[in-house]
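> Curious how this folds, go ahead:
(chains A, B, C and D, ligands or ions: 4)
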Number of protein chains: 2
Amino acid sequence: MSKLPSTKDSYSRTRQDHSTETAEDYVEAIFDTIEAKGACRAVDLAEQFGVSHVTVSKIISRLDTDGLVEAPAYKPIGLTPEGKLMAARVRKRHELVYSFLIAIGVDAKTAAIDSEGIEHHVSTKTLARMRAFIEERSADR
Amino acid sequence: MSKLPSTKDSYSRTRQDHSTETAEDYVEAIFDTIEAKGACRAVDLAEQFGVSHVTVSKIISRLDTDGLVEAPAYKPIGLTPEGKLMAARVRKRHELVYSFLIAIGVDAKTAAIDSEGIEHHVSTKTLARMRAFIEERSADR
DNA sequence: TTGTCATTGTAGCCATTGCTACAAATCAAC
DNA sequence: GTTGATTTGTAGCAATGGCTACAATGACAA
Ligand SMILES: [Mn+2]
Ligand SMILES: [Mn+2]
Ligand SMILES: [Mn+2]
Ligand SMILES: [Mn+2]
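Ligands and ions are numbered 1, 2, ... in the order given. Just a heads-up that it's a prediction; the model follows:
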């Protein structure tokens, strides 16, 4: 049962998702950190992601080149307008995936962990179905 | 609303998921191909994944070293007992995620694409909730 | 048997994401 | 203002997953 028509397209979409995943997680984290602490330093991101500050530094450099962040040397990290747009979009998507997992009965901790990976692989169509499900459920009660 | 308690653990779990993702997709594809065509050649995998045969060759080498596949030179690719176990487990999980997306109203093509990425980030707890949801819905109608 | 074609392997390149070790800059406290 | 801790940068390494170009192998038909 359940066919599973896995075509070449599926894998290339997953590879594409992974190629944007780092940028998405970083701008989202920068956005949140600025909101929470007023500024975002590389060390904050290293702590949040659980990686070394060197890894953060290198990735921030690329995001700077790509026009998503502004990272003057030895100064806090800011988002460009484009970066802010991506952050807002990504955070909304992440929250929706999280809320959906909660809605189907997953516990908060598991939902937090799973949604961190799932968020990058959810198309707008699937996202729309998740949103519809949440709204139906909240109307029922 | 919706908190989103993204801790360090979430990101390291996602990184861990990605480190096993390639092995999972490959053993699943090998399993399916053997089932469908009687044997699996590297060229079959290159076609399925949409990558070059060199990429396949290198990855198969590593899976061989890791004890998941048997890959004698210039011969078809087989699965070790451990590889077969992983393939069966992964396929079941993949099918469940796919069926769940269908159950919440996602169209077949989108479900096929999205599930290819999502499958690797779904914990057993979330999987259990998806299974329960499918069973409830099939009981209702 | 020989030649051709499909398949696989190898060499060598690149980008990404991770690390340790060490150097430089900044900040705060004294 | 000097010192000391925090923060950031840089050098250099490894594993993974992509690629092209070219070499070798194997299978099959002529
Ligand atoms: Mn994420
Ligand atoms: Mn992923
Ligand atoms: Mn799969
Ligand atoms: Mn997959």
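> secondary structure element for the residue lying closest to residue A:53 once chain neighbours are set aside?
In space, and not counting its chain neighbours, residue A:53 is closest to residue A:46: 4.4 Å by CB to CB, 6 or more residues apart in numbering or on different chains. No exception for glycine: its C-beta is placed from N, CA and C like everyone else's. Using DSSP states H and E, the element containing residue A:46 is helix A:42-49.
> As a check, name the ranges of all strands in chain A.
A:69-70, A:78-79 (DSSP state E).
> Show me what the first one is packed up against.
Spelled out, it's strand A:69-70. If contacts are counted by 3 or more CB pairs under 8 Å, 6 or more residues apart in numbering or on different chains; DSSP states H and E, strand A:69-70 sits against helix A:8-37, helix A:53-65, strand A:78-79.
> now the longest one: how far from the chain's centre is it?
Right, helix A:8-37. Centre-to-centre, helix A:8-37 and its host chain are 5 Å apart (CA atoms, centre = their mean, to the nearest Å).
> which residues does the closest residue to residue A:48 other than its chain neighbours contact?
Of all residues not flanking residue A:48 in the chain, residue A:29 sits nearest, at 5.5 Å (CB to CB, 6+ apart). Shown here is residue A:29, whose contacts under the criterion CB atoms under 8 Å, 6 or more residues apart in numbering or on different chains are A:40, A:45, A:48, A:49.
> can you pick the most crowded of the residues you listed?
Most neighbours among the contacts of residue A:29, by other CB atoms under 10 Å in any protein chain shown: residue A:40, with 25 neighbours.
> ok, for that one, nearest residue in space, not its chain neighbours?
Closest to residue A:40 by CB to CB, 6+ apart is residue A:33, at 4.0 Å.
> Could you do residue A:125 as well?
Closest residue in space to residue A:125, ignoring its immediate chain neighbours: residue B:110 at 4.7 Å, by CB to CB, 6+ apart.
> Can you check the pLDDT for the most centrally placed residue in chain A?
Chain A has residue A:25 as the residue nearest its centroid, 4.3 Å off, counting by CA atoms, centre = their mean. At residue A:25 the predicted local distance difference test score is 98.
> So which bits of chain A are right by DNA strand C?
With the criterion set to CB under 7 Å from any atom of the strand, chain A comes near DNA strand C through A:21-22, A:49-52, A:54-55, A:58-59, A:62, A:73-74.
> Compute the number of surrounding residues for the residue nearest to residue A:53.
Going by other CB under 10 Å, the residues that sit close to residue A:46 add up to 16.
> Would you mind confirming that it is in contact with residue A:58?
No - between residue A:46 and residue A:58 there is no contact under CB atoms under 8 Å: 11.5 Å.
> one step back: which ones are touching the residue nearest to the centre of chain A?
A:49, A:90, A:116, B:11.
> Next up, the contacts around the first one.
Remark: with contacts taken as CB under 8 Å, 6+ apart, residue A:49 is in contact with A:25, A:29, A:55, A:56, B:8, B:11.
> any idea how far the second one lies from DNA strand C?
Pointing back at residue A:29 there. 12 Å (CB to the nearest atom of the strand, to the nearest Å).
> returning to that earlier point: by neighbour count, which of the residues of chain A next to DNA strand C wins?
Using other CB under 10 Å as the neighbour test, the residues of chain A next to DNA strand C are led by residue A:49, with 22 neighbours.
> just to revisit the earlier point, from DNA strand D, how far out is the residue nearest to residue A:53?
Counting by CB to the nearest atom of the strand - residue A:46 and DNA strand D are separated by 7 Å.
> picking up where we left off before, would you mind giving the helices and strands packed on strand A:69-70 as JSON lines with distance to ligand 4 added?
Formatted as JSON lines, the helices and strands packed on strand A:69-70 follow (distance: least, CB to the ion, whole Å):
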{"stretch": "helix A:8-37", "distance to ligand 4": "6"}
{"stretch": "helix A:53-65", "distance to ligand 4": "24"}
{"stretch": "strand A:78-79", "distance to ligand 4": "31"}
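> which one of those lies closest to residue B:134?
With CB to CB as the criterion, residue B:134 lies closest to helix A:8-37 of these, at 20.9 Å.
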